[in-house]
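Peer 1: no sequence for this one, just the structure:
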Ligand code: SAM
């Protein structure tokens with residue numbers, strides 16, 4: 001499939017997500033049209049880039065479904081010049097979309113953290129290939145502890161499910177600031193929680209049920225945790 005055919009498919013998915021109310025803002029719409037999801041997938045899955053479903057990217061991990069990526073982007077309310085922390089780099093696709101929304105000549109950076117080294121390397125390659133390297137920095141470590149040396153962050157995006165909101169992430173969120181994070185059980189289901197820090201106070205809103213792979217780390221799940229059905 002050539003570039004134009006992928007672009008056509010991207011537009012078809014977008015129109016459906018606008019009709020269903022997932023995509024609301026012009027900014028998110030334009031960002032989705034600019035970033036080629038096909039360039040963030042293993043070669044054998046490229047043709048499936050515009051299926052609105054999670055797809056495997058190796059090491060037992062997935063690139064999230066398109067609607068979920070865009071729901072989270074709408075909640076983050078990204079604008080030019082913001083400093084963003086993403087936990088769970090995966091393929092680098094979500095980080096590239098964030099970069100598209102925050103990039104400006106002098107300011108704006110996306111720091112993204114991945115615990116599986118080969119995925120961090122895969123993501124960086126994808127980010128370079130698609131032209132977002134100037135605005136994205138990739139770190140290999142346990143992101144449940146955040147990235148204290150670069151804090152505070154205007155926005156924090158967590159793309160793996162956590163049993164609770166990791167306290168270091170609350171501390172590293174700027175005031176004002178917004179964090180989006182799936183919180184709940186180790187396997188289905190979790191709640192998508194939007195945390196807002198404003199004038200020293202923390203507000204939390206639940207945006208409904210989601211299903212993410214686990215955040216594994218000091219403030220996330222640990223190997224050996226009991227599997228429950230909550
Ligand atoms: N945002 C990604 C994308 O655009 O492709 C998809 C992320 S995938 C659903 C969740 C990712 O979180 C996986 O790559 C997983 O390895 C990573 N992860 C899990 N626990 C982590 C931790 N403690 N720190 C950093 N990354 C973690």
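Peer 2: Okay, I see it. Computed from a prediction, not measured in an experiment: that's the story for all the values here.

Peer 1: Now look at the helix or strand hosting residue 155 and say if it contacts the ligand.
Peer 2: Using DSSP states H and E, residue 155 maps to strand 153-158. No. Judged by Cβ under 6 Å from any ligand atom, strand 153-158 stays clear of the ligand, getting no closer than 7.9 Å. For the C-beta atoms, the positions are set from N, CA and C on the backbone; glycine is no exception.

Peer 1: Can you give the distance from that strand to the centre of its chain?
Peer 2: 10 Å (Cα atoms, centre = their mean, to the nearest Å).

Peer 1: again with stretch 110-121
Peer 2: 12 Å.

Peer 1: Buried residues in that stretch, which are they?
Peer 2: For stretch 110-121, the buried set under the neighbour-count rule, 16 or more other Cβ atoms under 10 Å, comprises 110, 111, 112, 113, 114, 115, 116, 119, 120.

Peer 1: Which members of those additionally contact the ligand?
Peer 2: Restricting the buried residues of stretch 110-121 to those near the ligand by Cβ under 6 Å from any ligand atom leaves 113, 114, 115, 116, 119.

Peer 1: Next one: the third one, what pLDDT does it get?
Peer 2: Just to be clear, that refers to residue 115. Looking at residue 115, its pLDDT reads 96.

Peer 1: Out of the buried residues of stretch 110-121, list just those in helices.
Peer 2: Of these, the ones assigned to helices by DSSP state H are 119, 120.

Peer 1: I'd like to know which elements the lengthiest strand in the chain is packed against.
Peer 2: Using DSSP state E, we find that the single longest strand of the chain is strand 173-184. Packing partners of strand 173-184 (3 or more Cβ pairs under 8 Å, 6 or more residues apart in numbering; DSSP states H and E): helix 66-76, strand 153-158, helix 167-172, strand 190-198.
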